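Student: Provided below are the primary sequence and the corresponding predicted coordinates.
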Amino acid sequence: MKHVLLITLLTFALGQAAAQTGLNIDSAFDGRFRSSPAAVETEISGSPLKNSALDIYRSITLTDPALTGDIEAMVLKDGADAETRQVRYIEGRLYYAYYIFKPVDNYRRYLFFINSFLKGGKKMTLIYMAGEATPEQIKKLISGHK
């Protein structure tokens, strides 16, 4: 019985990891920003997300504009494979992106990016989400409305 439980838990964990595999932004979450005082990295999975219809929530917020170029390039590459795209540019730079990707392992996958530095703001935010949440639920989560 213990082996069955262990195999079930490993399968679930591997499924969550696979949901992000294949995206360029995966390398943004490789830990490179964890020691930077100009970055906040968040990863949530499991029961804390049960009311959101998500299984995975990952985000990076950067407060140093010099750190944003690599992430912008990753987001642009991933956008080429998105099924649905909403993007805005400012002076040739990616300001806003909201992508919906083909589901992987029954996970719907979403990517949100905003670089407020381009409008005089003080941060860039990248959010990756996967789970059963619908696009409408994701938009509500991003906008902060219930």
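Tutor: Nice, I can see it.
Student: Against residue 143, how distant is the residue sitting nearest the centre point of the chain?
Tutor: The residue lying closest to the centre of the chain (Cα atoms, centre = their mean) is residue 128, at 1.1 Å. Residue 128 sits at a distance of 17 Å from residue 143 (criterion: Cβ to Cβ, to the nearest Å). Using the backbone N, CA and C atoms, a C-beta is placed for each residue, glycine as well.
Student: quick one on the thing from earlier: mind listing what the helix or strand harbouring the residue nearest to the centre of the chain pairs with, with the direction of each?
Tutor: If you go by DSSP states H and E, residue 128 is part of strand 124-131. Next to strand 124-131 in the sheet, as set by DSSP bridges, lie strand 54-62 (antiparallel), strand 107-115 (antiparallel).
Student: Distance to residue 24 and mean pLDDT added to the ones you listed, as CSV?
Tutor: Shown next, in CSV, are those (distance: least, Cβ to Cβ, whole Å; pLDDT from 0 to 100):
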stretch, distance to residue 24, mean pLDDT
strand 54-62, 14, 94
strand 107-115, 10, 94
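Student: Tell me which of the ones you listed sits most buried.
Tutor: Stretch with highest mean neighbour count among those: strand 107-115 (a mean of 23; mean count of other Cβ atoms under 10 Å).
Student: lowest average confidence, helix or strand, in this protein?
Tutor: Ranking every helix and strand in the chain by mean pLDDT, DSSP states H and E puts helix 2-20 at the bottom, with a mean of 41.
Student: Report the buried residues of the helix or strand just after that helix.
Tutor: Next helix or strand after helix 2-20 toward the C-terminus (DSSP H and E): strand 39-45. By 16 or more other Cβ atoms under 10 Å, the buried positions in strand 39-45 come out as 39, 41, 45.
Student: thinking in terms of the whole chain, how far from its middle is the longest strand anywhere in the chain?
Tutor: Determined from DSSP state E, the single longest strand within the chain is strand 93-104. Using Cα atoms, centre = their mean, to the nearest Å, the mean C-alpha position of strand 93-104 is found 9 Å from that of the whole chain.
Student: cool, stretch 102-119 as well?
Tutor: With Cα atoms, centre = their mean, you get 5 Å for stretch 102-119.
Student: quick one on the thing from earlier: tell me the one of the buried residues of strand 39-45 nearest residue 104?
Tutor: residue 45 (15.4 Å; Cβ to Cβ).
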